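1. with the input below, show me the fold.
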Amino acid sequence: MTDEPYRSDAPEPLRHVEHVMGTVFSFDVREVAPADRPRVRAALDGAVAGLHRVDELFSTYRPDSQVSRLGRGELTLSRCDPEVREVLRMCEEAEHRSGGWFSAHYAGRRPDPTGLVKGWAVERAARMLVSAGAGSVCVNGGGDVQGHGGPWRVGIADPLRRGELAVVVEASGELAVATSGPAERGCHILDPRTGLPPAEGLASVTVVATSLADADAWATAACAMGAGRARPWLGRLPDAEAFVVTADGSTWHTSGFTRHMAGLCV
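-> Numbering: from 1, shown residues only. The predicted structure is shown next:
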């Protein structure tokens, strides 16, 4: 991720990097008035603590997480933390809105909100900083970005050429950018109807929206659909645009994506 230069007389930005949830989160906070700086600094600390709390609640790799205990039947949904109930409700809504292609249940029907919870956590962290008085915020969680203010430039990794970019998105105002695909973690997105990888796999799907929780869910759903179904469905999504790299390296995008592009690299 790169961003526009800021004025030399601007206050020093607040930056922080945190390793949590199996990935790296970076914070870049700018346009903070001196009087608001202590409050924004405290909000940054709170946002980082919130990410660790999300890991404690939702990690499918931690046997003591509430999601793991819920899946084993050791905990009922009514006794879960309100955040767990909120995220699972959002997953149900995303499943309905995607026609079932986004799902928080796969093998054994155990709950797995992985396809939405990171985007939700990043979006919430960014909003905490804006509410505290930051005028320009960019939070990047493992390549998924929620921005406020800006402009911010977000580089989308080429899934087939390690270390290179496929496209650069310019994000201004309130904008979220989420990418899904098998490049980093292997084939982890499955067809929810079969529990198998989609027959027409895509190398990556990037969705631009205002909400990172939504963008994360839509990118995951499109990957699960495969190439044939994803293209018309992404084209119909309201208030969202998409850029896709296919398995053979070709690319396509929805009609409105060009207004977000700062450069095409493939």
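2. use CA for all of it now, contacts and neighbours both
-> OK.
3. which other helices and strands contact the lengthiest helix in the chain?
-> Identified as the longest helix of the chain according to DSSP state H is helix 37-58. Judged by 3 or more C-alpha pairs under 8 Å, 6 or more residues apart in numbering; DSSP states H and E, helix 37-58 is in contact with strand 14-20, helix 66-71, helix 114-131.
4. got a markdown table for these, with distance to Ser255 too?
-> As requested, those are arranged in a markdown table below (distance: least, C-alpha to C-alpha, whole Å):
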| stretch | distance to Ser255 |
| --- | --- |
| strand 14-20 | 35 |
| helix 66-71 | 38 |
| helix 114-131 | 24 |
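5. mind putting these in TSV, distance to Cys80 and mean pLDDT included?
-> TSV is the format used below for the helices and strands packed on helix 37-58 (distance: least, C-alpha to C-alpha, whole Å; pLDDT from 0 to 100):
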stretch	distance to Cys80	mean pLDDT
strand 14-20	22	97
helix 66-71	7	96
helix 114-131	15	97
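6. hang on, Val169 packs against Thr258?
-> No. Between Val169 and Thr258 there is no contact under C-alpha atoms under 8 Å: 9.1 Å.
7. ok, those two, which is more surrounded?
-> Val169 (22 against 15; other C-alpha atoms under 10 Å).
8. now do the helix or strand containing the more buried one: which elements does it pack against?
-> Element membership of Val169 [criterion: DSSP states H and E] is strand 165-180. Counting contacts by 3+ C-alpha pairs under 8 Å, 6+ apart, strand 165-180 packs against strand 144-157, strand 202-209, helix 212-225, strand 261-264.
9. show me what the third one is packed up against.
-> Secondary structure elements in contact with helix 212-225, counted by 3+ C-alpha pairs under 8 Å, 6+ apart, are helix 82-97, helix 114-131, strand 144-157, strand 165-180, strand 202-209, helix 227-236.
10. find the centremost residue of this protein, please.
-> For the chain, the residue nearest the mean C-alpha position is Gly119 (3.4 Å; C-alpha atoms, centre = their mean).
11. give me the distance between that residue and Arg79.
-> Going from Gly119 to Arg79 by C-alpha to C-alpha, to the nearest Å gives 24 Å.
12. try Leu165
-> For Leu165, the distance to Arg79 (C-alpha to C-alpha) stands at 44 Å.
13. what's the answer for Glu56, then?
-> Glu56 is 16 Å from Arg79, by C-alpha to C-alpha.
14. and those two? Which one has more around it.
-> Legend: neighbour count by other C-alpha under 10 Å for Glu56 and Arg79, higher for Glu56 (18 against 11).
15. dump the residue contacts of that one.
-> Arg62, Asp64, Ser65, Gln66 (C-alpha atoms under 8 Å, 6 or more residues apart in numbering).
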